[in-house]
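> coords below, sequence missing:
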C-alpha cells in the first residue's frame with residue numbers, strides 16, 4: 001500500500017511542484033483567517049478551535065486569527081522543507097492541501113452568498 005501511495009505522491013507532487021503547492025496552501029491559510037474574521041465581525045459564525053478562541057478572548061479577534069495563521073504558515077514551512085527531501089512529507093502536504101481545499105471551497109461559497117444576497 002505504501003509503495004502505491006508513494007508513487008502517486010511522486011506523480012502528483014514531484015519535488016519541482018512543492019513550492020507552488022506551498023504557495024497555494026499559504027494563500028488558502030490566509031483566506032481562511034481573513035474570511036473567519038469577516039464572519040466573526042458580522043456575527044455569522046464562531047471560531048471552532050478552542051485554543052484560538054482562548055487567544056481571541058485574551059488578545060482580541062485580530063490577534064488570535066493572526067497567530068493562528070502564523071502558526072499554520074510555520075507548520076507549512078516545516079512540511080515544505082521536509083517535502084523537498086522526503087516524499088512522505090509530500091504525502092502529508094498533499095493530504096493537508098486536500099483538507100485546505102475543502103475549507104477554501106466552503107469559504108468561497110459563503111463569501112459568494114454574502115456578496116450575492118447582500119446579507120450581513
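Everything's here; your move. Quick caveat, the model's predicted, so the values are computed rather than measured.
> Please enumerate the helices of the protein.
Assignment of helices within the chain using DSSP state H yields the ranges 2-12, 18-42, 50-59, 61-83, 87-117.
> Quick one: distance of the shortest one to the chain centre.
It refers to helix 50-59. Relative to its chain's centre, helix 50-59 lies at 19 Å (Cα atoms, centre = their mean, to the nearest Å).
> With mean neighbour count added, can I get the helices of the chain in CSV?
To be clear about C-beta, it is placed using only N, CA and C from the backbone, and glycine gets the same treatment. Putting these into CSV (neighbours: other Cβ atoms under 10 Å) gives the following:
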stretch, mean neighbour count
helix 2-12, 12
helix 18-42, 17
helix 50-59, 14
helix 61-83, 16
helix 87-117, 15
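> Grab the nearest non-local neighbour of the residue most central in space within the chain.
Closest to where the C-alpha atoms of the chain average out (Cα atoms, centre = their mean) is residue 29, at 3.5 Å. Nearest non-adjacent residue to residue 29, counting by Cβ to Cβ, 6 or more residues apart in numbering: residue 72, 4.6 Å away.
> wouldn't that neighbour be in contact with residue 28 here?
No. Counting by Cβ atoms under 8 Å, residue 28 is not a contact partner of residue 72; they are 9.5 Å apart.
> got the phi/psi numbers for residue 46?
Note on residue 46: its backbone torsions stand at phi -130, psi 160 [degrees, to the nearest 10].
> wait, doesn't it sit right on residue 36?
No. Using Cβ under 8 Å, residue 46 is not in contact with residue 36, being 9.4 Å away.
> still on that earlier bit, state the distance from the residue nearest to the centre of the chain to residue 14.
Per Cβ to Cβ, to the nearest Å, residue 29 is found 23 Å from residue 14.
> Residue 67 - nearest residue in space that isn't next to it in sequence?
In space, residue 67 is closest to residue 55, 5.8 Å off (Cβ to Cβ, 6+ apart).
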